[in-house]
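1. could you look at this predicted model? Sequence included:
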Amino acid sequence: MSIVFVNRFYWPDETATAQLLADLAEGLAARGRRVTVIASRPPAGAPAAESRRGVRIFRVGSTRSARPGLAAKALDFATFFAGAFARLLRSARRGDAIVALTDPPLIGAGAWLVARVRGARSFHWVQDIYPEIAVVLTGREELGAFRPWRDRAWRGAAGCVTLGGEMAGVLARSGVPRSRIRVLPNWAPAGLGPLPPDVTGAVRVTWGVTGRFVVGYSGNFGRVHDLKPVLALAAAVADIPDIVFVFSGGGPQRAALEAEAARRGLTNVRFRAAEPRASLGASLGAADLHLVTLRPGCEDFVFPSKLYGIAAVGRPVLFIGPPGCELGRLVETEGLGRAFAREQAAGMAAFLRELSAAPARAAPYRAAALRFSAQGGGAPEAAAAWEKILAFPAPEAPECHPTL
């Protein structure tokens, strides 16, 4: 049996799903499994086919537009969908396990169709849930028309893996039997861990923030992240020269966030490019505290994986998001930091003032973060878990839904 993964990004790309998939695919290959990945070709160029660390990689031609907007994104999704679908038809064999991630949205539905044609088994690794996210972000209810096709693919799969209980609930309400749903959290990128002060101190020198309390935001400035309250927080503590905010990454919200910070004259906010994986650990460790945010309405459909990298380097978290959501509860119950609703700027500011005035008060959060990271495991444990998941028998024929 071969395992065939399908996702728009893979090595040498360094998006979150590219890194997670590389860790998992290489981990399974190291355990003696035959692994193939179908992805898109990076703009810088990469072979259409190659092998790396035991993983066979096929890269299909597709657009990768730098332009913002739904039209450009839709073209990127459609061209990859077409190329991946054709490649999968050629690559999949009877008995194979086809595992589709969720970039682009609905690629899992195409993978399910190929599995039916080729006699393979389909699995969904649900990193985020579309079209629900698109409906929340755009307000366009008509995008929900894709939901029945997506649900049929979920129900017909041999297994669905997702990141948290709230996301699993969405799958269950869509008709997926609980026996075929597995909650498997993401993990920190391989190699992350606490670093000595001289390493993180050198990063702080490079950033020009030596001796200051650094509030970090690292990763994608995606639309599911609620970033406007962060600027309100920066304004609320602007009277404390020791506190500085460092944003590292890129994404659709970055330009607007930079412009708004400049308009408000927030000299305590700085922006940097995304950190390559090789230096991610030092970058995360250079901050005294990290921000994790989630836009209200998205809490059932996505679970930010940046939490695990932050925990791996032993840094506290300030979470801004819907009250009582799964991620906020996790931060509070595990002692990783504090969780606030977006309207609670005063409470957030008080928390920052407390930690910046007495850094030793962060010690319990740091210790809790390292405990949480150790108990969650990493890529090797994920590979072992996936081996068990992929051994699931193929489901019986899905129930008939004449309207689908």
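-> That came through fine. Numbers count the residues shown, from 1 in each chain.
2. please parse this structure into its domains.
-> 2-187+379-389, 197-376 (automatic domain parsing).
3. in a markdown table: the ones you listed, plus mean neighbour count and mean pLDDT.
-> Where you see a C-beta, it was placed from the backbone N, CA and C, and this is true even at glycine. Below are the domains of the chain laid out as a markdown table (neighbours: other Cβ atoms under 10 Å; pLDDT from 0 to 100):
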| stretch | mean neighbour count | mean pLDDT |
| --- | --- | --- |
| domain 2-187+379-389 | 19 | 93 |
| domain 197-376 | 19 | 96 |
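4. all strands of the chain, in order?
-> 2-6, 34-40, 49-52, 55-60, 97-100, 121-126, 159-162, 181-183, 213-218, 243-248, 269-272, 289-293, 317-320, 337-340 (DSSP state E).
5. what's the separation between the closest residue to residue 134 other than its chain neighbours and residue 106?
-> Excluding the flanking residues, the one nearest residue 134 by Cβ to Cβ, 6 or more residues apart in numbering is residue 143, at 4.8 Å. With distances taken as Cβ to Cβ, to the nearest Å, residue 143 is found 11 Å from residue 106.
6. anything in contact with each of these two?
-> By the contact definition Cβ atoms under 8 Å, 6 or more residues apart in numbering, residue 143 and residue 106 are jointly contacted by residue 131.
7. what's near enough to touch the residue nearest to residue 134?
-> 131, 134, 135.
8. tell me where the longest helix sits in the protein.
-> Identified as the longest helix of the chain according to DSSP state H is helix 70-91.
9. now do the contacts for residue 291.
-> Counting by Cβ under 8 Å, 6+ apart, the residues that residue 291 touches are 215, 216, 217, 230, 317, 318, 319, 320.
10. just name the closest of those residues to residue 297, please.
-> Of all the contacts of residue 291, residue 297 sits closest to residue 320, with 14.1 Å by Cβ to Cβ.
11. so what's the closest one closest to, chain neighbours aside?
-> Using Cβ to Cβ, 6+ apart, the nearest residue to residue 320 is residue 293, at 4.5 Å.
12. my guess is the one you found contacts residue 228, does it?
-> No. Contact criterion Cβ atoms under 8 Å: residue 293 and residue 228 do not qualify, at 9.3 Å.
13. contacting residues around the spatially most central residue of the chain?
-> The centroid of the chain falls nearest to residue 305 when counting by Cα atoms, centre = their mean (4.5 Å). Residue 305 makes contact with 16, 20, 163, 186 under the criterion Cβ under 8 Å, 6+ apart.
14. try 6 Å
-> 16, 186 (Cβ atoms under 6 Å, 6 or more residues apart in numbering).
15. gap between stretch 306-320 and the chain center?
-> A distance of 14 Å separates the C-alpha centroid of stretch 306-320 from that of its chain, computed with Cα atoms, centre = their mean, to the nearest Å.
16. what about it, start to end distance?
-> With Cα to Cα, to the nearest Å as the measure, stretch 306-320 spans 14 Å from end to end.
17. the residue nearest to residue 320 reaches residue 225, doesn't it?
-> Yes. Assessed by Cβ atoms under 6 Å, residue 293 is found in contact with residue 225 at 4.8 Å.
18. which ones are touching the closest residue to residue 308 other than its chain neighbours?
-> Spatially, and ignoring its direct neighbours in sequence, residue 308 is nearest to residue 188 (4.3 Å; Cβ to Cβ, 6+ apart). Going by Cβ under 6 Å, 6+ apart, residue 188 touches 308, 309, 312.
19. mind running it again at 7 Å?
-> Applying Cβ atoms under 7 Å, 6 or more residues apart in numbering, we find residue 188 in contact with 308, 309, 311, 312, 373, 378.
20. how far away is it from residue 178?
-> Distance from residue 188 to residue 178, by Cβ to Cβ: 28 Å.
21. what's the answer for residue 169, then?
-> Taking Cβ to Cβ, one finds residue 169 at 10 Å from residue 178.
22. can you put the strands of the chain in CSV and add distance to residue 79?
-> Shown next, in CSV, are those (distance: least, Cβ to Cβ, whole Å):
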stretch, distance to residue 79
strand 2-6, 14
strand 34-40, 8
strand 49-52, 18
strand 55-60, 9
strand 97-100, 17
strand 121-126, 22
strand 159-162, 26
strand 181-183, 31
strand 213-218, 30
strand 243-248, 30
strand 269-272, 31
strand 289-293, 31
strand 317-320, 35
strand 337-340, 40
